[in-house]
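> give me a model of this one.
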Amino acid sequence: MLVQTLLRLFQHGGPFRWTFVTAPPYDALLTDGTSGPHQLADANTMARAVLRLTRMHDADAPNTLQRPIRAERLQNWLALVERDLLGTRPAEPAASAPAVAEASADEPAMAADDAAAEGTRFKLRRWPPAIALRGDANRIRMATMLSRRALSITELATLSRQSPSDCQNFMNLLRSAGLVEQRTPVPATSAPAAVPAPSPKFGRSLIAGIRRRLGL
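I've put the predicted structure just below:
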């Protein structure tokens, strides 16, 4: 709860891209540094950056934070991790690139016409990582709506009060990362109208009328 509260406070102090999540994928992970080696090894496989919380007066080491948590130290560590994830440090191998990357403005939008098709709806498979949300309240709002039910671009724009183009760009980002499932409506086909079968009474009366005319 303390970390979650600190992140909310950081968002009001200037540009801040991080958001608190409780399920993977993670860009950064805070873990108990006093845990056993197996738990620490598991933590290292769950996120690119892991911050270990240690006891008071423990020796300082990289990617560690002594208890009690000091807000400025946590914020500084997150700033360094963010710089690393956004690629401002020397280029890293492609395998260690961030899980979600922003599409370049010079590149065409990915399947924009398909995503904007009338009636096509999208729903989040899992919560986007912090680098995708960028600490943007509008993106967090749109992601929250998409996590609750499937929405089309038009519906998302109406509910979130964002422009269709902003919703489209955000949706393209989510789709490129495989974070949404697409639901295309199946065209309804009208069945041919059933022809009612003639009633036996009508058939008998018709035959009787013919016999009367023939004098039978």
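> can you point out the buried residues in the helix or strand containing residue 72?
With elements taken from DSSP states H and E, the one containing residue 72 is helix 71-85. By neighbour count, and taking 16 or more other C-beta atoms under 10 Å as the criterion, the buried residues in helix 71-85 are 74-75, 77-78, 81-82, 84-85. C-beta: built from backbone N, CA, C; applies to glycine.
> reformat those residues as TSV; add pLDDT.
Written out in TSV, the entries for the buried residues of helix 71-85 read as follows (pLDDT from 0 to 100):
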residue	pLDDT
74	86
75	84
77	86
78	86
81	84
82	83
84	81
85	77
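> among those residues, which one lies nearest to residue 132?
When the buried residues of helix 71-85 are ranked by distance to residue 132 (C-beta to C-beta), residue 85 comes first, at 11.0 Å.
> report the contact partners of residue 18.
In this structure, residue 18 makes contact with 7, 10, 28, 78, 82, 130, 135, judged by C-beta atoms under 8 Å, 6 or more residues apart in numbering.
> give me the subset of the residues you listed lying in helices.
Assigned to helices by DSSP state H, the following of these qualify: 7, 10, 78, 82, 130.
> need the residues you listed in CSV with distance to residue 119, can you?
Putting those into CSV (distance: C-beta to C-beta, whole Å) gives the following:
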residue, distance to residue 119
7, 37
10, 40
78, 41
82, 38
130, 32
